[in-house]
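> Sequence first, then the predicted structure:
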Amino acid sequence: MTTPKLLSLENLPVAPPAGTREITYVEAVREALRQALTADERVFLMGEDIGVYGGAFGATAGLAQEFGEGRVIDTPISEAGIAGACVGAALAGMRPVGEIQFMDFVTLSMEQLVLQAAKIRFMFGGKATVPMVLRMPGGSGTGAAAQHSESLENWFVHVPGLKVVMPSTPYDVKGLLLAAILDDNPVIFVEHKLLYKTKGPVPEAPYVVPLGQSRVARTGQHLTVIATSLMVNRALEAAQKLAGEGIECEVIDPRTLNPLDEAPIVASVKKTGRALVVHEAVRTGGYGGELVSRIVDSAAFDYLEAPVRRLTGLDIPIPYNRNLEAHAVPQVDAIVAEARRLARGEV
Amino acid sequence: MSRSTQSKKEAEHLAEWGADGARQKLGLMMLIRAFEEKAEELFALGRVHGTMHLSIGQEATAVGAASALRRGDYLLNHHRGHGHCLAWFDSDVDAMMAEFMGKETGYCRGRGGSMHIANVEANNLGANGIVAGGVPIAVGVGLSIKMRQTDQVCMVNFGDGASNEGAFHESLNMASIWKLPVIYLCENNQYAMSMPVTKAMTVAQISDRAAAYGIPGVTVDGNDPVAVYEAVAAAAARARAGQGPTLVESQTYRWRGHSKSDKQAYRTRDEVKEWQQRDPILRFAARLGLSDAEREAMRQAAVDRINAAVAFAEASPEPDVRTIMDGVYA
């Protein structure tokens, strides 16, 4: 019997230098999937239209041709079935990577994720593992209206047993996806449709970005902006504009919402005394509430010079009209305005 | 299949088991009955808390089905599945009772309780408290078997109510298109909590639903371990040969209420009594030609074994509160 081909965390570099090769976010996703499929025979992909179609957003283009339909499996439109199949395969020792075509559709998978994937290990006294990844693109900005634009990440943050990852750069999406595949827990992996075409430096060889490590995306001393997913890019753009006014923002991307690495956030707020949380998901019950609580619960509390502010999606479904859609979630100008008010002590 | 042909085949299976094998299976049915009667008693005495879903009257299905499979095969189970756990390979009645009592020595270290018994080492991938919750999981287990190219099978058992869940239909469809080695064992005990099968679906038999997925569907007498064995063995042979899943419907009846809070207003005492006339244990004992004394001796042996399990469980430690976070994450 031949030794099975397995990918191992020990064999992979951790957060290596980015280098100079630039690829897009969606290419980085595909590269991670290809490298995992190549290196580890436990890994397989399943989802709707991920085979010859290549995935609704092209993340799996060419992989069915390269690895065969047995490992890049087109499924019927059965989101509960996809999630359940991932749970079962993971329980039986595989490393499934499922794709939910739009994050909105994960509502149809919730039972399998919340009551099965998240709880099996605990319910069985720690004697089972469910190493699965469920990828899904979230977010608005595509004119797809209320049922194809959701940002539901905080639903999963609220479920012990699940990990929730939300990368914002091509570099991170590759390294975090490989880390998620090698993680022994169920991981909800939230991509963003508007990030798929963004470019950035990505090492060609496989590597991991460990789950549970925040990233300081920009340093500054006047204000800490904690942003997730697409909002990291918008926060960086806003920070660039504000720098022209002499306001220096420190921008932090948690990258993994659960487990959250809060130390860099606390350290930053202790330094700046002001914090702004930015996310696309609706405000009420959103992740921002958790971030604000972590800050005010922490040693940073005594250093606060202003209320901790949230800039989030409005508490509405995403509208179709282009202008209304843009107003439903934070845009760069709004971040600039809010950060400026906060930095100037106007709130 | 005509009744006479079936009887002839069943007689052959019974001969295959041999006198000792058949008695061992009867003994297992008695062990399950004794376990659940004791659990019920302990609940009434307040020594087991929570709730439980007893399968008293359904023991033949659990024993017949497990007998048709091999060590190394997979089991997915639901919350009226105590019998399936006890009938599965390498089962440990001590660990089972300890789990009912919430002890550290229980199958799930006291974290799961009666609804979530699992024995992962023996490929018993656990019981589910969500109706049909384990049914889609069987697709993934089946896929893993197919990818590893072994000749294992995965049996998932569930109740009549589960066959009305969307997850059931997604699962059967996926398993059929990929010809996965899955055995869907629907234990039709006539009621989903209070909803009778006859009001919950228009098909005459749950096995008719197999036709929608182009797979075989068979209905058998679930109070006859040989009939269940035969159907599950045929389904396993088909699965191992790469021909895909089968839906087996086992017609049986739960003697007790749905759970511990059921006043059973939806059925008559006469109906329950009528089914109790078809007690799978008494029927099988009679078929094996046991005298009353022999049968009683076997029953007493089962009761003794359960009492020993209770003693083990009661002597076992409670989980240490300091370990409360164990198992949330790997």
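Now that the structure is in, tell me what you want to look at.
> Could you count how many residues lie near A:Thr24?
As a burial measure, A:Thr24 scores 18 neighbours (other C-beta atoms under 10 Å in any protein chain shown). (Each C-beta comes from the backbone N, C-alpha and C, glycine too.)
> so who does it touch?
Residues near A:Thr24 by C-beta atoms under 8 Å, 6 or more residues apart in numbering or on different chains: A:Pro170, A:Tyr196, A:Lys197, A:Thr198, A:Lys199.
> Could you list the domains of chain A?
Annotated domains of chain A cover A:20-201, A:215-343 [automatic domain parsing].
> which one of these lies closest to B:Ala302?
domain A:20-201 (26.4 Å; C-beta to C-beta).
> what's the span of the closest one from first residue to last?
6 Å (C-alpha to C-alpha, to the nearest Å).
> hmm, back to that, pick the most deeply packed of the domains of chain A.
domain A:20-201 (a mean of 22; mean count of other C-beta atoms under 10 Å in any protein chain shown).
> by contact count, what packs against the one helix or strand A:Gln240 maps to?
Assessed by DSSP states H and E, A:Gln240 sits inside helix A:230-243. If contacts are counted by 3 or more C-beta pairs under 8 Å, 6 or more residues apart in numbering or on different chains; DSSP states H and E, helix A:230-243 sits against strand A:215-218, strand A:223-227, strand A:249-253, strand A:275-282, helix A:332-343.
> Could you tell me how far the third one lies from the centre of the chain?
A distance of 16 Å separates the C-alpha centroid of strand A:249-253 from that of its chain, computed with C-alpha atoms, centre = their mean, to the nearest Å.
> quick one: it to strand A:275-282, angle?
50 degrees (axes from the mean of the first three to the mean of the last three C-alpha atoms, to 10 degrees).
> Now do strand A:249-253 against strand A:223-227: the angle between them, please.
30 degrees.
> returning to that earlier point: so which of the domains of chain A is nearest A:Lys5?
Judging these by C-beta to C-beta, what sits closest to A:Lys5 is domain A:20-201, at 4.7 Å.
> Residue ranges in chain A under the pLDDT threshold?
A:1-4, A:9 (pLDDT under 70).
> Over to chain B?
Those would be B:1-8, if you go by pLDDT under 70 across chain B.
> So which residue is dead centre in it?
In chain B, the centroid-proximal residue (C-alpha atoms, centre = their mean) is B:His84; its distance is 3.4 Å.
> Name the next helix or strand downstream of the strand or helix carrying that one, please.
Assessed by DSSP H and E, B:His84 sits inside helix B:82-87. Remark: after helix B:82-87, the chain's next helix or strand is helix B:93-100, criterion DSSP H and E.
> what packs against that next one?
Using 3+ C-beta pairs under 8 Å, 6+ apart, helix B:93-100 sits against helix B:3-44, helix B:82-87, helix B:292-315.
> B:Lys146 belongs to a helix?
Yes. Counting by DSSP: H, G, I helix; E, B strand; the rest coil, B:Lys146 is part of a helix.
> ok, it - how many residues close by?
So B:Lys146, with other C-beta under 10 Å, has 17 neighbours.
> Just give the nearest non-adjacent residue to it, would you?
Excluding the flanking residues, the one nearest B:Lys146 by C-beta to C-beta, 6 or more residues apart in numbering or on different chains is B:Leu180, at 6.0 Å.
> Tally up the residues packed near B:Ala204, please.
9.
> ok, it to B:Thr219 distance?
Noted for B:Ala204: a distance of 9 Å to B:Thr219, by C-beta to C-beta, to the nearest Å.
> What of B:Leu288?
25 Å.
> Looking at these two, which one has more neighbours?
Higher neighbour count among B:Leu288 and B:Thr219: B:Thr219, with 19 against 16, using other C-beta under 10 Å.
> a strand runs through the more buried one, doesn't it?
Yes. Assessed with three-state DSSP, B:Thr219 lies in a strand.
> Contacts only, for it.
If you count contacts by C-beta under 8 Å, 6+ apart, then B:Thr219 has B:Gln205, B:Ile206, B:Ser207, B:Glu249, B:Ser250, B:Gln251 around it.
> Show me what it bridges to in the sheet.
B:Glu249 (DSSP bridges).
> now the strands for the stretch 101-250 of chain B?
B:124-128, B:154-159, B:182-188, B:191-192, B:195-196, B:217-221, B:246-251 (DSSP state E, counting those that start in this stretch).
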